[in-house]
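Novice: Here's my sequence, what's the structure:
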Amino acid sequence: MNPMFANPPGCWLYHQASFLLDGELPPGAQAGVDAGFFVLPGLTANGPTPLFGGGQFAAAFRDRPEVREVMRRILDPTWGELWAATAKADFLPANSAFDPQHCRPSGVPAATGDLRVELCRVSRDAVASGQWRFDASDLMPVGIGSASEDGTPAAFSQGMLDYVDEGRQRAEAILRTIDADPRWAPVTNAAPPQARGS
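Specialist: Modelled structure (predicted):
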């Protein structure tokens, strides 16, 4: 992202996850002042806005009262308030009843706090509207969802850039190019799972 902060800027936009704004900016750059974010528009005008990201899960392996109580606590809309209010937190709410104002940490400039609240609001709203999805590129093999070790751009992210540049009329061709990329080979050539007896 450093070219964004050059004088003159080498680029105006940088595609990255929200954690970029929580400590990944160059020295002296301030979230909410020198860098912000915007959510790409939905598929239909005035329709719900889709959002994607990563996530963690809570799973119970024992049915005991104390385990049930921990799970109840995690489901409570107040869970995460302390985490969200930490200055370097990367917390975004997965509960549609979470109050985004709890994402405003103390001790940060007002513009940074406003940005954090807005990040939490768009995340919460996407969950509430049923428009939140897991980031598929996180589940794709190296070279498809993330750059190859030699720095070759990821086929999926390059395809999305091509889509923005070339438009909807090229969508099918771009998807075919991604599907044909040989870096899928480790996935498609993997040995099938062995059958197990019952």
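Novice: Spit out the contact partners of L92.
Specialist: Counting by Cβ atoms under 8 Å, 6 or more residues apart in numbering, L92 makes contact with S18, G53, C103, L119, C120, S123. Just so you know, the C-beta spots here come from the backbone N, C-alpha and C atoms, and that holds for glycine as well.
Novice: any idea of the pLDDT on the fifth one?
Specialist: I take that to be C120. Listed pLDDT for C120 reads 92.
Novice: tell me which element it falls in.
Specialist: helix 110-128 (DSSP states H and E).
Novice: Could you point out the helix or strand that follows that helix?
Specialist: With DSSP H and E setting the assignment, the helix or strand that follows helix 110-128 is strand 132-134.
Novice: from the chain's centre, how far out does that following strand sit?
Specialist: 8 Å (Cα atoms, centre = their mean, to the nearest Å).
Novice: list the buried ones in the helix or strand following it?
Specialist: Next in sequence after strand 132-134, counting helices and strands by DSSP H and E, comes helix 155-166. For helix 155-166, burial by neighbour count (16 or more other Cβ atoms under 10 Å) applies to A155, F156, S157, Q158, G159, D162.
Novice: What of stretch 3-16?
Specialist: Buried-residue list, stretch 3-16, by 16+ other Cβ under 10 Å: M4, F5.
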